[in-house]
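Chemist: make a model of this:
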Amino acid sequence: MVKIAPSILSADFCNLARELSRIRTADWVHVDVMDGAFVPNLTVGVPVVKSIRSHTDMELDIHLMIDKPVRYIKAFAQAGADLLSVHLEADHPTGIARALDLMEECGVRKAVALRPITAAQAVLPYLERLDMVLVMTVEPGFGGQPFLERQLDTIGQVRRLIDQYNPACQLEVDGGINPVTARKVVQAGANVLVAGSSVYGAPDIELAIAALREGAEG
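Modeler: Purely as a prediction, here's the structure:
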């Protein structure tokens, strides 16, 4: 079954407890952590993740768009993350490997993320130990961007690598997801969909989540 993970990047940050309750029919909560260096935007940090954890028992999917993420793995794990994604472009391979080691030590699920500039094959050194790969279908940094169709090929390539080397690994897609693009990325091989503005920008959030499921599974 395809999982829906609304991104709180598009939520009302003054009312996060309410915003979390509005996505209760989804599967995960996706939290975009940006440092203003790896991407040109600043969002939330460890204290906000800790606060979110205290208001929901949904899976917390924490997407670290930060330089040298190894520095913060323990802090976000202790704040309540269930899964952490680190960008392959954010550190030297030894730093990425150490970040994954720390995730194992902390008992959180492990993921790597790929920007649109990164080839699918970049996941291979890590793939056998991952719980998820995240493929970006926009340039990371801001919500509401249009879906990059060319990333469908990357999604398909990652799916084939997963099927060959680690079939239990999940494939998440983030960026420009709506009922139409949801179907495309699922057909390409994704099984976890991140959606921000198409959920929180909708007049009825539960209907928006249901429409994503219908699009993905249709």
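Chemist: this structure: strands as residue ranges?
Modeler: In the chain, strands defined by DSSP state E lie at 3-6, 28-34, 59-65, 83-87, 109-114, 132-136, 170-174, 192-195, listed in chain order.
Chemist: would you turn those into TSV with distance to residue 53 and mean pLDDT?
Modeler: From N, CA and C alone the C-beta is placed, and that goes for glycine too. Shown next, in TSV, are those (distance: least, CB to CB, whole Å; pLDDT from 0 to 100):
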stretch	distance to residue 53	mean pLDDT
strand 3-6	16	98
strand 28-34	9	97
strand 59-65	6	98
strand 83-87	13	98
strand 109-114	15	98
strand 132-136	19	98
strand 170-174	20	98
strand 192-195	19	97
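Chemist: so the residue most central in space within the chain versus residue 28, what's the distance?
Modeler: Nearest to the geometric centre of the chain sits residue 63, at 5.2 Å (CA atoms, centre = their mean). To residue 28, residue 63 is 11 Å away according to CB to CB, to the nearest Å.
Chemist: with residue 37 instead?
Modeler: Per CB to CB, residue 37 is found 26 Å from residue 28.
Chemist: so between those two, which is more surrounded?
Modeler: More crowded of residue 37 and residue 28, by other CB atoms under 10 Å: residue 28, with 21 against 12.
Chemist: surely that one and residue 57 touch.
Modeler: No. Using CB atoms under 8 Å, residue 28 makes no contact with residue 57, being 11.5 Å away.
Chemist: which residues of the protein fall in helices?
Modeler: 16-21, 46-53, 73-79, 93-106, 151-165, 179-188, 197-200, 205-217 (DSSP state H).
Chemist: nearest to residue 114, of the ones you listed?
Modeler: Proximity to residue 114, assessed across the helices of the chain by CB to CB, is greatest for helix 151-165 (7.1 Å).
Chemist: would you mark the buried spots in stretch 47-56?
Modeler: Going by neighbour count (16 or more other CB atoms under 10 Å), the buried part of stretch 47-56 is 48-49, 52-53, 56.
Chemist: got it, and stretch 97-115?
Modeler: Quick answer for stretch 97-115 (16+ other CB under 10 Å): 98-100, 102-103, 106, 108-115.
Chemist: farthest pair within the residues you listed?
Modeler: Farthest pair in these, by CB to CB: 106 and 115, 24.9 Å.
Chemist: give the contact list for residue 69.
Modeler: Under the criterion of CB atoms under 8 Å, 6 or more residues apart in numbering, the contact list for residue 69 reads 84, 86-87, 90-91, 95, 99.
Chemist: one more: residue 74?
Modeler: By CB under 8 Å, 6+ apart, the residues touching residue 74 are 102, 106.
Chemist: all further residue positions should be reported with the first residue as 514.
Modeler: New numbering, starting at 514: the last item is residue 587.
Chemist: roughly how far apart are it and residue 579?
Modeler: Separation of residue 587 from residue 579 (CB to CB): 14 Å.
Chemist: over to residue 678?
Modeler: From residue 678 to residue 579 the distance is 27 Å (CB to CB).
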